[in-house]
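Undergrad: the following comprises the amino acid sequence and a computationally predicted model.
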Amino acid sequence: MTAAADEVPRRLVWLASYPKSGNTWLRALVAAYLFGRQPDSDASSGDDALGLAGLGAHFSSRAVFDAALGVPSAYLTSGEVDQFRPAVWRWINRRAARLRFVKTHDQWRRTAEGHAIFPADATTATVVIVRNPLAIAPSWAHHSGIDIGTAVDALNAEDAGLSQSLSRVSDQLPQIMGTWSAHVSSWLDQTELPVTFVRYEDLSARPADELTRVLRAIGLAPEHERVESAVATCAFDRLAAREQQSGFAEQAAWQRPFFRRGEVDSWRWELTAAQIARIVGDHGTTMERLGYATSLP
Amino acid sequence: MTGRPTPGLRPERLTVAGGLDVPVAYRPAPDVPADAAAVSVTVQAHGAKRWWRLPSLGTIWTDGTAVIVDAVHGQADGDLLHLLLGGPVAAEVIWRSGALPVRGAAAVTRHGRSVLVFGRPAVGTSTLARTLVRRGGTWLGDELLAVLPPRMPGGRATVCGRSPDVALAKDSCARLGITAAERSVMRPGLAHLRSDVPRWRGDLPQPLDSIVHMDASTSTPEATWVRKHDPASTARFLASLAAATEGSVARNATGSAPEQFRRVCAVATAVRRLDFTRPARDDVRINADARVLEAALR
């Protein structure tokens, strides 16, 4: 008969974030800790020299979804894809022999039938990476090849998402983000998954401490030397240098580098006063929930 | 589960491929056997490769000779059930028939030789196959194909499919110049349209000469031509394929057409090995990882 969900080990670790919030950096840190990868020591290892593929699939990988379901997702509406997501990831969890770290830019949400798209009974931990929206705007503009004003608008677009075109089929499933505030709040306010929140700014200031906290949340017993080694391996300048040397699978639009500045406050001279005011006006309440200043010193 | 009628879906037979079809009944499914094990071919399936249980749809059962649909309270969506029947359930029937089910692939035949194009979703397999049809090929099938091993020493593997038309994304239709009269809406809210295509009318599977793996990844440096069996006729066929490919290209690839073509890897130019067998592992799902198929055919 069907095995009870509780009898199946929970091996999924959700790594959730709004885009350009440090998700890839955190995954690189985790991969470096787990696999001991040296990203600039093996330039011939292709797109995944950071070992990210070894962590686990992207939540919105069309190939993974199709393989699990057996039905081409291109023939399913966005709502139908959501409907099947919990079952697909329970199935992947049952087949997983070890922890699988699953990146997602989706909001936490429920299907039309009321089921959470991130199944709690397959989840061992959830890590949500957040970043000051004032810093996200210029980073998103760079990544997407749009001007900063458009990026500021996108942060407050209720229908914001990725891979939602109805004119072409992407290799990723549709992703629903909503506004930055709605995205962050969806993870803050849900009660089904225990969540560890990581601020990009804290990760930048104290990477070893934050990585240690994340690893503990996942259920691992961090080893200090390995943590320090992972942090050194994934120093921003080393990641950026490696990308310049041999590219990166998640490279930004228009061949712009994925690893741009890695600074926490470059927005101070990249944004206009009006853009800052707009972002704070749109997202001030949520920024304050996360401890971000809403007035310039 | 009630087994009540499912709106919009009442086929009495499921035609899988090459004359292989099984009856479909709508009634309560048999009990799940006590020794049921999870089935790899799809989610929440149970019991010796016979069960699919999906949220809000119901249970589908097959032993390879018949299919039973036990719909949830008669409310299951007919389109979704149709997709399940034509996908994992049909694949199971193909597997039990002794053939190799290949998902995410399209096949075209011409002058008695066939080419099978496969790759991960959204890489452009259907677009390439449709281009080959435009250049004189005849449509064999899409999404799910059955590859049959040679029937006698020295014989060729054969391939057959079941889809009577091709589903293409709107951007592919535009690129191929497929007019509104040649296409129809597949389902509301989708990027795909159905396109009429000259269909192979015969029942017999067609000899398989070429297998083309489309790979849009940036890590593929150039085309890899595996010259295990490379008769002149196959070489000519692939030469025409090359010409066709430059005009079709994978949808999500970037760069110029020649560059995109280099990412189209022919992993075998002919399949006529005496030791052609299905993968030994019972849980292998072809095309879940494209390399599995490649390995299986080497």
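TA: Nice, I can see it.

Undergrad: hey, let's count contacts and neighbours off CA atoms from now on
TA: OK.

Undergrad: low-confidence ranges in the chain?
TA: Here I'm looking at chain A. A:1-6, A:37-53, A:242-264, A:297 (pLDDT under 70).

Undergrad: wait, chain B was what I had in mind.
TA: Residues of chain B that meet the cut-off, pLDDT under 70, sit at B:1-11, B:17-19, B:29-56, B:72-76, B:149-156, B:213-298.

Undergrad: count of neighbours near the single nearest residue of it relative to chain A?
TA: Closest to chain A within chain B is B:Ala191: 4.3 Å, counting by CA to the nearest CA. For B:Ala191, the count of nearby residues is 25 (other CA atoms under 10 Å in any protein chain shown).

Undergrad: what sits against the residue nearest to it when sequence neighbours are not counted?
TA: Using CA to CA, 6 or more residues apart in numbering or on different chains and skipping residues adjacent in sequence, the residue nearest B:Ala191 is A:Leu166, 4.3 Å away. Neighbour list for A:Leu166: B:170, B:189-191 [criterion: CA atoms under 8 Å, 6 or more residues apart in numbering or on different chains].

Undergrad: on that earlier part again, isn't the residue of chain B closest to chain A right up against A:Ala74?
TA: Yes: under the criterion of CA atoms under 8 Å, B:Ala191 makes contact with A:Ala74 at 7.4 Å.

Undergrad: pull up the overlap in contacts between those two.
TA: Counting by CA under 8 Å, 6+ apart, the residues touching both B:Ala191 and A:Ala74 are A:Val169.

Undergrad: how many residues are close by A:Asp106?
TA: Counted with other CA under 10 Å, A:Asp106 comes out at 24.

Undergrad: part of a helix, is it?
TA: No: read with DSSP: H, G, I helix; E, B strand; the rest coil, A:Asp106 is coil and lies in no helix.

Undergrad: how about the helices in the stretch 1-150 of chain B?
TA: B:78-84, B:90-96, B:125-134 (DSSP state H, counting those that start in this stretch).

Undergrad: just the stretch 101-250 of chain A next, same as before
TA: Using DSSP H, counting those that start in this stretch, helices in the stretch 101-250 of chain A cover A:133-144, A:148-155, A:180-189, A:200-205, A:207-218, A:224-233, A:236-246.

Undergrad: what's the burial count for A:Ala160?
TA: Residues near A:Ala160, counting by other CA under 10 Å: 17.

Undergrad: go on, the one 3 residues further on?
TA: Here the neighbour count serves as a burial measure; for A:Ser163 (other CA under 10 Å) it reads 15.

Undergrad: in terms of contact, does it touch A:Ile176 like I think?
TA: No: with contact defined as CA under 8 Å, A:Ser163 does not count as touching A:Ile176 (9.1 Å).

Undergrad: end-to-end on stretch A:71-81?
TA: 10 Å (CA to CA, to the nearest Å).

Undergrad: again with stretch A:66-85
TA: Rule used - CA to CA; the end-to-end distance of stretch A:66-85 is 11 Å.

Undergrad: residues contacting the closest residue in space to A:Arg199 that isn't next to it in sequence?
TA: Nearest non-adjacent residue to A:Arg199, counting by CA to CA, 6+ apart: A:Val130, 4.9 Å away. By CA under 8 Å, 6+ apart, the residues touching A:Val130 are A:17-18, A:21-22, A:184, A:197-200.

Undergrad: repeat that for 7 Å
TA: Taking CA atoms under 7 Å, 6 or more residues apart in numbering or on different chains, we find A:Val130 in contact with A:17, A:21, A:198-200.

Undergrad: before we move on, the earlier item: so for A:Ala232, which of the helices of the stretch 1-150 of chain B sits nearest?
TA: For the helices of the stretch 1-150 of chain B, proximity to A:Ala232 was assessed by CA to CA; helix B:125-134 is nearest, at 42.5 Å.

Undergrad: hey, C-alpha coordinates of that closest one in PDB?
TA: Taking Å, rounded to 0.1, in the frame of the first residue of the first chain, the C-alpha atoms of helix B:125-134 are listed here in PDB:
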ATOM      1  CA  THR B 125      12.900  18.700 -31.100                       C
ATOM      2  CA  SER B 126       9.500  19.200 -32.600                       C
ATOM      3  CA  THR B 127      10.600  22.300 -34.500                       C
ATOM      4  CA  LEU B 128      13.500  20.500 -36.100                       C
ATOM      5  CA  ALA B 129      11.300  17.500 -37.000                       C
ATOM      6  CA  ARG B 130       8.700  19.800 -38.500                       C
ATOM      7  CA  THR B 131      11.400  21.400 -40.500                       C
ATOM      8  CA  LEU B 132      12.500  18.000 -41.800                       C
ATOM      9  CA  VAL B 133       8.900  17.400 -42.900                       C
ATOM     10  CA  ARG B 134       8.900  20.700 -44.700                       C
END
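
Undergrad: doesn't A:Gly178 make contact with A:Asp159?
TA: Yes: using CA atoms under 7 Å, A:Asp159 is in contact with A:Gly178, at 5.2 Å.

Undergrad: in chain A, what residue lies closest to chain B?
TA: A:Leu166 (4.3 Å).

Undergrad: need the three-state assignment for B:Asp209.
TA: Per three-state DSSP, B:Asp209 ends up strand.

Undergrad: tally of neighbours for it?
TA: B:Asp209 has 28 nearby residues by other CA under 10 Å.

Undergrad: wouldn't it be in contact with B:His111 here?
TA: No: at 11.1 Å, B:Asp209 does not count as touching B:His111 under the criterion of CA under 7 Å.

Undergrad: for the stretch 101-250 of chain A, what lies in contact range of chain B?
TA: A:166-171 (CA under 7 Å from any CA of the partner chain).

Undergrad: out of those residues, who's the most crowded?
TA: Counting neighbours by other CA under 10 Å, the top entry in these is A:Val169, with 28 neighbours.
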